[in-house]
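J.: next come a sequence and a model predicted from it.
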Amino acid sequence: MSADKVTSDGKLKNLECLFTWDVDKDDINDLKGIPEKLLDRVKYCPRRYHATYFNILAFVSHLQGRNDTALEYLAKSEAVLKEEKQDEADFLVTYSSFAWLHHHLGNMKDMETYLGKVKRVGEGGETAVEAEKGWSFLRMGAKFYPRAKESFQKALEAKPDSVSYNVGYAIVLYRLEGLVRKDVRVKPKDSPAAKQLQRALDLDPTDAEVMVLLALKHQRYNPPKSRELVLTALEKCADMPQVIKYAGIYFRIDNSKAESLKILEEAAKRAPNSSFLYHQMGLLHWQEMIKMKTSGEWQAGSAQVKAASAESIRLSCKTVELKPSHTLAWVQLAKAYAESRQLEKAEPIFARLVSDARLTDAERQHCHTKYGVFLMYHRKDDTRAVEQFKKAYRIRVDSQDRSQARDKLKTIGRRKSGQRGRKSDDISAFLSAVDDQDRQDSATKAAAAATNVSGLADSFKTKMTL
């Protein structure tokens, strides 16, 4: 249940905070892991973001039934805002959170105190609220990224040169592009995320996290610039896990296994419960195993190949143990089991994933595609593989997974054309039908977008009528 539904007090629903922004607990995939990530950020990231992190920690603590802790985090948020001498509008979300939580706990006098503070802030805080929404949704998980993007866009309309808003918008664009796993083929000049990251770095040339994200966007197209960005970021923030983990990805993509492992292992010492780091290390060993298998220098069953495969499995197991909702890690584990011929362990993972209703469209598409590849090459079952590829292709997310599903369907169609022409015709008809529907949907959405007009200020004034 959304947090704002535990009270019927109408005026509290007009408050602006995570408790009233319709955040469903079931939509947060990593509720248990959020506190540690945010506390790491409090430790290593600029202080100007700490109040937001404390507000999120208060909300998560409430969801976990720790309301006393939630109040402590809100007190820390208010203290940081005062120490940083923030504008009055920046206090609005913290005051709203206090008012909502005190009402929930039955502390009516305290509730009225903070409602009074909210009223004193009054109108004019809509931009600060949208920015706070953006940062909050960004940290709550992938299902909230589209809402984060929308909020940052609204905030930037009012303050286009805000460093914080530009950084937040850049990060959420990077995350959204990463979700569909197609951005490695997009040149920086055609990537909204790359352009926005450069904009953010121009505004704050010292932001090491932005540097490494921009480096990853340029890695395949401008290696010198990419490497310079990574090395500069590491020089500035060699102890910041958020920078180190992306630097580790950079060196992994650069086929610098030893350097990447060194960086990731060092980061894991500082953040021993980071599923992200173990996932990246698992991918390193996976790539090493595939490289050995395809190079022809090693026998598939050699001790070296088996060792790389076993380490990839071990690290993937560690990843999903730390974060059971890590869909990509589960897929990677299933692939690793398949490559080591443990098909009886791989298939149940795929079967469970494709039936998980909690996945995003991009995640479901990824799972269907990789399950199809598993069935096609490891089970030699084209019939079931076609079923999975069709399900993946029906999901209208423009990604490498969708392209792969289409390519595999065509491959199976060509293979079957000489045996059963009808099978090939069925696949061609399916692809044509879905493509036609895509074009119709795109035309409809374009027409709808042309007539869509939003009124941020008027909407905010209505909500602030307490």
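T.: Received it, and whenever you're ready, just let me know what you need. Numbers count the residues shown, from 1 in each chain.
J.: all contacts plus neighbour counts: C-alpha atoms, from now on.
T.: Will do.
J.: and the closest residue to His378 other than its chain neighbours, what's its pLDDT?
T.: If the residues on either side of it in the chain are set aside, His378 comes closest to Ala338, at 7.2 Å by CA to CA, 6 or more residues apart in numbering. pLDDT for Ala338: 96.
J.: burial count for Ala338?
T.: Counted with other CA atoms under 10 Å, residues neighbouring Ala338 total 19.
J.: likewise Glu88?
T.: With other CA under 10 Å as criterion, Glu88 counts 17.
J.: residue contacts, it?
T.: The contact partners of Glu88, taken as CA atoms under 8 Å, 6 or more residues apart in numbering, are Val121.
J.: for it, give its distance to Pro223.
T.: 44 Å (CA to CA, to the nearest Å).
J.: for Tyr278, same thing?
T.: Tyr278 is 26 Å from Pro223, by CA to CA.
J.: these two: which is more packed in?
T.: Tyr278 (25 against 14).
J.: that one touches Thr319, doesn't it?
T.: Yes: the pair formed by Tyr278 and Thr319 meets the contact definition of CA atoms under 8 Å, at 5.5 Å.
J.: output the below-cut-off pLDDT ranges for this protein.
T.: 1-11, 13, 181-185, 297-300, 418-424, 445-466 (pLDDT under 70).
J.: before we move on, back to that, ok, the residue nearest to His378 touching Ala346?
T.: Yes: here Ala338 reaches Ala346: they are 5.7 Å apart, a contact under CA under 8 Å.
J.: which residue comes closest to Phe350 once chain neighbours are left out?
T.: In space, Phe350 is closest to Tyr371, 5.8 Å off (CA to CA, 6+ apart).
J.: next SSE after the helix or strand that contains the one you found?
T.: Using DSSP states H and E, Tyr371 maps to helix 361-377. Once the chain leaves helix 361-377, the next helix or strand it forms, by DSSP H and E, is helix 382-394.
J.: quick check: buried residues in that next one?
T.: Asp382, Ala385, Val386, Gln388, Phe389, Lys390, Lys391, Ala392, Tyr393, Arg394 (16 or more other CA atoms under 10 Å).
J.: next: stretch 270-288.
T.: Buried, per 16+ other CA under 10 Å, within stretch 270-288: 271, 273-288.
J.: what's the answer for stretch 350-367, then?
T.: Buried-residue list, stretch 350-367, by 16+ other CA under 10 Å: Phe350, Leu353, Val354, Leu359, Asp361, Ala362, Glu363, Arg364, Gln365, His366, Cys367.
J.: next: stretch 78-92.
T.: Buried residues in stretch 78-92 (16+ other CA under 10 Å): Glu78, Val80, Leu81, Glu88, Ala89, Asp90, Phe91, Leu92.
J.: then stretch 270-285 to PDB, C-alphas only?
T.: This file holds the C-alpha atoms of stretch 270-285, laid out as PDB (Å, rounded to 0.1, in the frame of the first residue of the first chain):
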ATOM      1  CA  ARG A 270      34.900  -0.200   1.100                       C
ATOM      2  CA  ALA A 271      31.400  -1.500   0.100                       C
ATOM      3  CA  PRO A 272      31.400  -5.200   0.900                       C
ATOM      4  CA  ASN A 273      27.700  -5.600   0.400                       C
ATOM      5  CA  SER A 274      27.600  -4.000  -3.100                       C
ATOM      6  CA  SER A 275      25.800  -6.400  -5.400                       C
ATOM      7  CA  PHE A 276      26.900  -4.100  -8.300                       C
ATOM      8  CA  LEU A 277      30.600  -4.800  -7.700                       C
ATOM      9  CA  TYR A 278      30.300  -8.500  -7.500                       C
ATOM     10  CA  HIS A 279      28.200  -8.500 -10.600                       C
ATOM     11  CA  GLN A 280      30.900  -6.700 -12.500                       C
ATOM     12  CA  MET A 281      33.600  -9.000 -11.200                       C
ATOM     13  CA  GLY A 282      31.500 -12.000 -12.300                       C
ATOM     14  CA  LEU A 283      31.200 -10.500 -15.800                       C
ATOM     15  CA  LEU A 284      34.900 -10.100 -16.000                       C
ATOM     16  CA  HIS A 285      35.400 -13.900 -15.300                       C
END
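J.: now that stretch, how far from the centre of its chain.
T.: On the basis of CA atoms, centre = their mean, to the nearest Å, stretch 270-285 sits 16 Å off its chain's mean C-alpha point.
J.: and for stretch 267-282?
T.: That offset, for stretch 267-282, works out to 16 Å (CA atoms, centre = their mean).
J.: before we move on, what about stretch 144-157?
T.: Worked out by CA atoms, centre = their mean, stretch 144-157 lies 15 Å from the chain centre.
J.: buried residues in that stretch?
T.: For stretch 144-157, by 16+ other CA under 10 Å, it's Phe144, Tyr145, Arg147, Ala148, Lys149, Glu150, Ser151, Phe152, Gln153, Lys154, Ala155, Leu156.
J.: do stretch 427-447 as well
T.: Across stretch 427-447, burial judged by 16+ other CA under 10 Å covers Ile427, Leu431, Val434.
J.: what does stretch 327-344 give?
T.: For stretch 327-344, burial by neighbour count (16+ other CA under 10 Å) applies to 327-340, 343.
J.: and if you look at stretch 169-189?
T.: 169-177, 179-181, 183-184, 186, 188.
J.: go through these and name the one nearest Glu235.
T.: Ile171 (21.1 Å; CA to CA).
J.: I figured the closest one was touching Lys195, is that so?
T.: No: contact criterion CA under 8 Å: Ile171 and Lys195 do not qualify, at 11.3 Å.
J.: tell me which element Leu156 falls in.
T.: Leu156 belongs to helix 145-158, assigned by DSSP H and E.
J.: could I have that helix exported to CSV, CA atoms only?
T.: The C-alpha trace of helix 145-158 is given here as CSV (Å, rounded to 0.1, in the frame of the first residue of the first chain):
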residue,chain,number,x,y,z
TYR,A,145,13.3,6.4,-13.4
PRO,A,146,10.7,7.8,-15.9
ARG,A,147,9.1,9.8,-13.0
ALA,A,148,12.6,11.1,-12.1
LYS,A,149,13.2,12.2,-15.6
GLU,A,150,9.9,14.1,-15.8
SER,A,151,10.6,15.8,-12.5
PHE,A,152,14.1,16.9,-13.4
GLN,A,153,12.8,18.2,-16.7
LYS,A,154,10.2,20.4,-14.9
ALA,A,155,12.9,21.7,-12.5
LEU,A,156,15.2,22.6,-15.3
GLU,A,157,12.5,24.5,-17.1
ALA,A,158,12.6,27.0,-14.2
